[in-house]
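# With the input below, show me the fold.
(chains A and B)
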Protein chains: 2
Amino acid sequence: MSMNAPAKREFSKIANLMRPSAIRLLLRVANQPDMISFGGGLPNPESFPLDDIRRIFDEQLAKNGKKMLQYGATEGLDSLNIALSKRLKEKEGIVSEPTNIIETTGSQEALYMVGKIFANPGEYVITEAPTYTGTISAFRGSEVKMVGVEMDHYGMNMDALRQTLKNYPNPKFIYVIPNFQNPSGITMSLERRKELLEIANENGITIVEDDPYGSLRFAGSHIPSLKSMDNDVVYLGTFSKVLSPGIRLGYVVAPRDVIDKLNITKQALDLATSTVSEYIASAYVEEGFMDKQIPKIIDLYRQKRDLMIESFENYFPKDVEFTRPNGGMFIWVTRKGANTDKMFEEAVRQKVLYVVGSAFYPDEDNHESMRLNFTYSSNEQIVEGVKRLGKLFEVTAR
Amino acid sequence: MSMNAPAKREFSKIANLMRPSAIRLLLRVANQPDMISFGGGLPNPESFPLDDIRRIFDEQLAKNGKKMLQYGATEGLDSLNIALSKRLKEKEGIVSEPTNIIETTGSQEALYMVGKIFANPGEYVITEAPTYTGTISAFRGSEVKMVGVEMDHYGMNMDALRQTLKNYPNPKFIYVIPNFQNPSGITMSLERRKELLEIANENGITIVEDDPYGSLRFAGSHIPSLKSMDNDVVYLGTFSKVLSPGIRLGYVVAPRDVIDKLNITKQALDLATSTVSEYIASAYVEEGFMDKQIPKIIDLYRQKRDLMIESFENYFPKDVEFTRPNGGMFIWVTRKGANTDKMFEEAVRQKVLYVVGSAFYPDEDNHESMRLNFTYSSNEQIVEGVKRLGKLFEVTAR
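Have a look, this model is predicted:
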């Protein structure tokens, strides 16, 4: 019998269309010695509450071990959904029952599922431009088309959105990351949020609000989530940035008709989320560990953001522009006339990594920007990495 | 602003087509007091190595905590892929490099992904009939059509397969569960396996071999896996039955072209598998805990299988037929002329659960059978549950 691939093996159209994520490819280069990576959206390992997690795991295993290792419900662990419902009410003013929540295998699964349940292949949705690469991969995975709407310092531009709706009048939903957007770091203003909800309601369009960074605010005041102002919004949350991304635990808060479709879809995709992750997260929220940990993460990240911006001011040519995020993990750096895709190879040689701006546009036609992550690197690496990038900007022809 | 669903919300065609899994629905009823459930494919909680897991978790968290909680690679943890490659070689004669392995969020994700990468919507694949409900859900989730081929006591009937290939000459793959099949409990004979590989090779058809139960053999001798006889086979494994289903950890062993497509697809679906689960499983395999645990699980399940079959002999009408599996978790019970769908409501009232046979056929037109799980229930429950079913058979009109 042959040990070779059968000559006739063919993959599906979608398998041939999908492309590897720029960020995932980056992770491989990032492990080279002396490499400074502002690439991946990685939390700082110092932000992981190792001792709390050990205590929680041992306690939960002793108390609930047989359930913790058994198959769980597709919608997730009851106690976690109850704890999230309570927390979202207290912290975010989101009034949702535990039965309006479903756990997902990271927010990535939620992104894939919302594309799949709302849009048929070839139908379109509206996103911010730029938007998160993982969202682009997820939607592409169901052949959902994306139409990007430009942003300014207050978030998605509403005039541009109205114009887009003239050309694309029936999007299946509008996807936004209102807080400390990935990749831009921009936060949508309250006025914009209200206007977005009005436009959505006028046109009967569902809003998908992705909020992975909302609780990581370093400066400025809290702005109500879209979900808290209109309970019909489909809201995506995650433990990746406030506990651990390795446990792969996200959640969706939505009206019951949406939760039901997500539940059936998740049965086909992976049956259920890790019950081990759910028991850990449930105790993390319920027993107050999360409230204790978040201020520590904020202090760490604020200081790193400040250091990165200070380093830009010291080492970047004066015509390099950058956002000043009030939270989250990313700064968006732009230089008119630059080509960050072309610069990238030299950056790898200089041992500093960023994500090219083009990765954040479905049509990939913007090359003047890059996304820098400020949370993962050590303080020394932040200063040295920005120095290297500054030199690169100096020597790179535009 | 409206708190109601926008009038215009529509779901995608596929979201409206997908149906909830019969087994998942069952899990909700299964928690009623005094209910005896032979429904779900749940491992016995006594088979979970709680103490080993506690020791492994604490040690891994101390040694690798910062990596264990961070984002992991899409293909999975290197040390786990190395350990699996080594183990599969030693135990199964499967010669595959660690780079021929990708971890998945349970086998369910692997099932969803193989459907998606090989078949376009509307294209067909061949399965055994009956076959696993989760496979049916996964394939339906990508609108993959299934053509079932009947089984006998030696597995998929090869004459029937040849006949099916005349009517459906270009299936995207043939999907089989050769060991202790779910739901039938039947094991494919060595002769059949060789014949299946020959037919597949003659026709250039990829084989997908799903082997969740292979290491849980109670009787008879080991039969080589299809993968060990032809390395082009796509092989699916899982830790759900030999460690814990709650950790959601499966894997695929396949040629590199297939692994690459699965990797890109997984990036869109959930980015990566839980690193916590991967670190636990890696130590479980490497440090010999798994070799210590499997014989314990086998002893426990053999005894429960024997007890269930003994109870059938004591309490079932003589015309009820059943398989005698040499391993795994399920027995397939058939009574000519019965309608197990119609019987089900009365079974719930009598507080005994099974999965209706029709759930295991894509076209759902077989009603004479039921799947019984013998691993989850206590010994008392097995005897009492079979008694209740026996009475039900007695009183149910055919």
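# check whether stretch A:32-42 contacts chain B.
Yes: for stretch A:32-42, a contact with chain B is found by Cβ under 8 Å from any Cβ of the partner chain, at A:Gly40, A:Leu42. Where C-beta positions appear, they are placed from N, C-alpha and C, glycine not excepted.
# Just the buried positions in that stretch, please.
A:Met35, A:Ile36, A:Ser37, A:Phe38, A:Gly39, A:Gly40, A:Gly41, A:Leu42 (16 or more other Cβ atoms under 10 Å in any protein chain shown).
# Report the distance from that stretch to the chain centre.
Centre-to-centre, stretch A:32-42 and its host chain are 18 Å apart (Cα atoms, centre = their mean, to the nearest Å).
# Where does pLDDT dip in chain A?
Counting by pLDDT under 70, chain A has low-confidence residues at A:1-8, A:397-398.
# Report the two of the buried residues of stretch A:32-42 separated the most.
A:Met35 and A:Gly41 (16.5 Å; Cβ to Cβ).
# which element is the residue nearest in space to the middle of chain A on?
Compute the mean C-alpha point of chain A, and by Cα atoms, centre = their mean the closest residue is A:Pro212, 5.6 Å away. Here A:Pro212 is covered by no helix or strand, with elements defined by DSSP states H and E.
# Could you pull up the contacting residues of it?
Neighbour list for A:Pro212: A:Ser107, A:Ile177, A:Asn182, A:Leu236, A:Gly237, A:Thr238, A:Ser240, A:Lys241 [criterion: Cβ atoms under 8 Å, 6 or more residues apart in numbering or on different chains].
# give me the subset of those touching chain B.
A:Ser240.
# so of the contacts of A:Pro212, which ones are in helices?
The helices, defined by DSSP state H, take in A:Ser107 from those.
# okay if I get the contacts of A:Pro212 as CSV plus neighbour count?
Below are the contacts of A:Pro212 laid out as CSV (neighbours: other Cβ atoms under 10 Å in any protein chain shown):
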residue, neighbour count
A:Ser107, 29
A:Ile177, 28
A:Asn182, 26
A:Leu236, 24
A:Gly237, 29
A:Thr238, 21
A:Ser240, 24
A:Lys241, 24
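# got a markdown table for the contacts of A:Pro212, with distance to A:Tyr124 too?
As requested, the contacts of A:Pro212 are arranged in a markdown table below (distance: Cβ to Cβ, whole Å):
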| residue | distance to A:Tyr124 |
| --- | --- |
| A:Ser107 | 21 |
| A:Ile177 | 18 |
| A:Asn182 | 21 |
| A:Leu236 | 19 |
| A:Gly237 | 25 |
| A:Thr238 | 25 |
| A:Ser240 | 28 |
| A:Lys241 | 29 |
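# quick check, nearest of the contacts of A:Pro212 to B:Met151?
Nearest member of the contacts of A:Pro212 to B:Met151, counting by Cβ to Cβ, is A:Ser107, at 41.2 Å.
# what's the neighbour count on the residue nearest to that closest one when sequence neighbours are not counted?
Spatially, and ignoring its direct neighbours in sequence, A:Ser107 is nearest to A:Gly250 (3.8 Å; Cβ to Cβ, 6 or more residues apart in numbering or on different chains). By the criterion of other Cβ atoms under 10 Å in any protein chain shown, A:Gly250 has 24 neighbours.
# quick one, what contacts A:Gly250?
By Cβ under 8 Å, 6+ apart, the neighbours of A:Gly250 are A:103-110, A:236-240.
# ok, what's across the strand from it?
Assessed by DSSP bridges, A:Gly250 has beta-bridge partners A:Thr104, A:Thr238.
# still on that earlier bit, could you list every residue that touches the nearest residue to the residue nearest to the centre of chain A once chain neighbours are set aside?
Nearest residue to A:Pro212, sequence neighbours excluded (Cβ to Cβ, 6+ apart): A:Thr238, at 4.8 Å. Counting by Cβ under 8 Å, 6+ apart, A:Thr238 touches A:Gly106, A:Ser107, A:Pro212, A:Leu249, A:Gly250, A:Tyr251.
# for A:Lys304, same thing?
So A:Lys304 contacts A:Asn44, A:Phe374, A:Thr375, A:Ser377, A:Asn379, A:Ile382 (Cβ under 8 Å, 6+ apart).
# Pull out the buried members of these.
A:Asn44, A:Phe374, A:Thr375, A:Ser377, A:Ile382.
# Find the pair from these with maximum spatial separation.
Farthest apart among the buried ones among the contacts of A:Lys304 by Cβ to Cβ are A:Asn44 and A:Ile382. That separation is 11.1 Å.
# Quick one: residues in contact with the lengthiest strand in chain A.
When chain A is parsed with DSSP state E, its longest strand is strand A:145-152. With Cβ under 8 Å, 6+ apart as the test, strand A:145-152 has contacts from A:122-131, A:136, A:139, A:156-157, A:160-161, A:164, A:168, A:171, A:181, A:184, A:186, A:361-363.
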